[in-house]
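Participant: sharing a sequence plus its predicted fold:
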Amino acid sequence: MTVITRFAPSPTGKLHVGNIRTALVCWMAARVEGGKFLLRLDDTDRARSTEENVVAIRRDLEWLGLVPAGEVRQSDRFALYEAAFETLHAAGRVYPCYESEEELSIKRKVALGRGLPPIYDRAALTLSAEERQRLEADGVRPHWRFRLDATPIEWTDLIRGPQHFEGAALSDPVVRRADGSWLYLLPSVIDDIDMKISHVVRGEDHVSNTAVQIQMFEALGAAIPNFAHMALLVGADGKLSKREGSIGVEAIRAEGIEPQALLGLLARIGTSEPVVPVATADELLPGFAFSHMGRAPARFDSEELAQLNARTLHLLPYEAVKDRLPANVDETFWLAIRPNLTTIADTDAALAVIEGPIAAPTLSPEDRAFCADAAAAADALDWAETPWAALTTALKASTGRKGKALFLPLRLALTGQDHGPEMAALLPLIGRERAIARLRLAAGAA
Ligand code: GLU
């Protein structure tokens, strides 16, 4: 079987963290099996779908490297839906209903008042042809429901395990509005059949939709795909968090989060696998399996994301970032500074330390004298090999200093800061001229 998945966002808004997790799991499920990951734009709601959102969805997926092998738009496919609808109509699986919203709401209240589930009573099925004609002559246009079979509905969910629903306990869902427009349920099934989707992967808020949709697959004579329903995403505090779950990709990117970091976190939260930094999304594949995904909510913590971002930057090769670095940052420079970055924007600060000018540190008279010695030693040094090792060895011998007393005044004098990247990596980048000048400045001699 070729694994084919689809990510099916509605372009009624921008992608958020919850959507991205769905897209990523769809992508991994296909990729790990050498299958296909497709994008389906659920834009049947013409009023709320916008082109701007479509463009943003494509751009976000590209930024994340979750590039679909194909794309379909539901708004291009109404003829397909019409044909399937006719098949279902001919088979008596969809039927016209004439109740207004108010009537339905009263029916629901009455049922609840009697302690019954608020299931549609199928009154429309008992209308005679004449009654229907009369209603239509009065200008009432029908909406359409799918007639469920009163049978048990069962499937083994790849994440949730065996699932069981009773068809008789579910309400016949409305699939088409009186104005002819489509609701989500039926077009999704028609597309899944047409696109040969093997695995429907989505959030667990769709579990009861699946029960209904399984009967739609059957009614259309199609094989039932595999289903995997992911547990919800919650905030760090374990509560259903609107805020964290709804953080947009745009905002995450603006904070300097690398796509690999976002993917690395979203691939592992709510699973039995540890969160690890990765340089490419493909590195996530060996740890992926639906069986690793738990039923408990997945915790998304922005703080954990920030930390993973730093760990991710520490292993990103120059090639992966060079387009976003200042032009004068070469590979050696990148490798020297990346262990100290939390976001790529920190590169500017690192560059400023190397290129200067830096402020002269405030040092004790002894440390100033030491810096004067260091300036002389640096001047006498062979800079071709490993100047930091050569400098500190020479100063250790000539001054007897060691440890912090040796290193800290040098770091302060050479970088203006008491912390930062390895001096061994930095000093060659600072270079001979600047290093000597900075040491002299710290000594008070410049
Ligand atoms: N457009 C639906 C949603 O965003 C798709 C659900 C599905 O994957 O079938 O919830």
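Facilitator: Happy to help now that I have it. As the structure is a prediction and not an experimental result, all values here were calculated from the model.
Participant: quick check: end-to-end length of stretch 339-349?
Facilitator: 14 Å (C-alpha to C-alpha, to the nearest Å).
Participant: what comes up buried for it?
Facilitator: 340-341, 344, 346-347 (16 or more other C-beta atoms under 10 Å). Where you see a C-beta, it was placed from the backbone N, CA and C, and this is true even at glycine.
Participant: from those residues, pick the one nearest the ligand.
Facilitator: Closest approach between the buried residues of stretch 339-349 and the ligand, by C-beta to the nearest ligand atom: residue 344, at 31.5 Å.
Participant: would you confirm that the closest one contacts residue 324?
Facilitator: Yes - using C-beta atoms under 8 Å, residue 344 is in contact with residue 324, at 5.9 Å.
Participant: what residues does the protein put near the ligand?
Facilitator: Neighbours of the ligand within the chain, by C-beta under 6 Å from any ligand atom: 8-10, 42, 188, 202, 206.
Participant: select from those every entry located in strands.
Facilitator: residue 202 (DSSP state E).
Participant: export the residues of the chain next to the ligand to JSON lines and append columns for distance to residue 383.
Facilitator: Shown next, in JSON lines, are these (distance: C-beta to C-beta, whole Å):
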{"residue": "8", "distance to residue 383": "60"}
{"residue": "9", "distance to residue 383": "56"}
{"residue": "10", "distance to residue 383": "61"}
{"residue": "42", "distance to residue 383": "62"}
{"residue": "188", "distance to residue 383": "67"}
{"residue": "202", "distance to residue 383": "60"}
{"residue": "206", "distance to residue 383": "64"}
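Participant: where along the stretch 201-350 of the chain do the strands fall?
Facilitator: For the stretch 201-350 of the chain, applying DSSP state E, counting those that start in this stretch gives strands covering 226-230, 233-234, 298-299.
Participant: so where does residue 38 fall, helix or strand?
Facilitator: Per DSSP states H and E: residue 38 is located in strand 36-41.
Participant: which of the strands of the stretch 201-350 of the chain is buried the deepest?
Facilitator: Highest mean neighbour count of the strands of the stretch 201-350 of the chain: strand 233-234, a mean of 22 (counted as mean count of other C-beta atoms under 10 Å).
Participant: so where is the stretch 301-446 of the chain shaky, pLDDT-wise?
Facilitator: Counting by pLDDT under 70, the stretch 301-446 of the chain shows low-confidence ranges at 445-446.
Participant: relative orientation of whichever helix or strand comes after the strand holding residue 38 and strand 36-41 in degrees?
Facilitator: Next along the chain after strand 36-41, taking DSSP H and E as the criterion, comes helix 51-64. Angle, helix 51-64 to strand 36-41, by axes from the mean of the first three to the mean of the last three C-alpha atoms, to 10 degrees: 160 degrees.
Participant: the following helix or strand past helix 51-64 pairs with which strands, and in what direction?
Facilitator: Next helix or strand after helix 51-64 toward the C-terminus (DSSP H and E): strand 70-73. Here strand 70-73 has these sheet partners by DSSP bridges: strand 36-41 (parallel).
Participant: state the mean pLDDT of the strand it pairs with.
Facilitator: Averaged across strand 36-41, the pLDDT comes to 98.
Participant: going forward can the numbers begin at 605, since that is how I track them
Facilitator: That works, and once the first residue is 605, the last one we named lands at strand 640-645.
Participant: which outside residues touch that strand?
Facilitator: 606-615, 630-631, 634-635, 653, 658, 661-662, 665, 670, 672-679, 795, 799, 801 (C-beta atoms under 8 Å, 6 or more residues apart in numbering).
Participant: biggest separation within the buried residues of stretch 943-953, which pair?
Facilitator: Using C-beta to C-beta, the buried residues of stretch 943-953 span at most 12.0 Å, a distance reached by 944 and 948.
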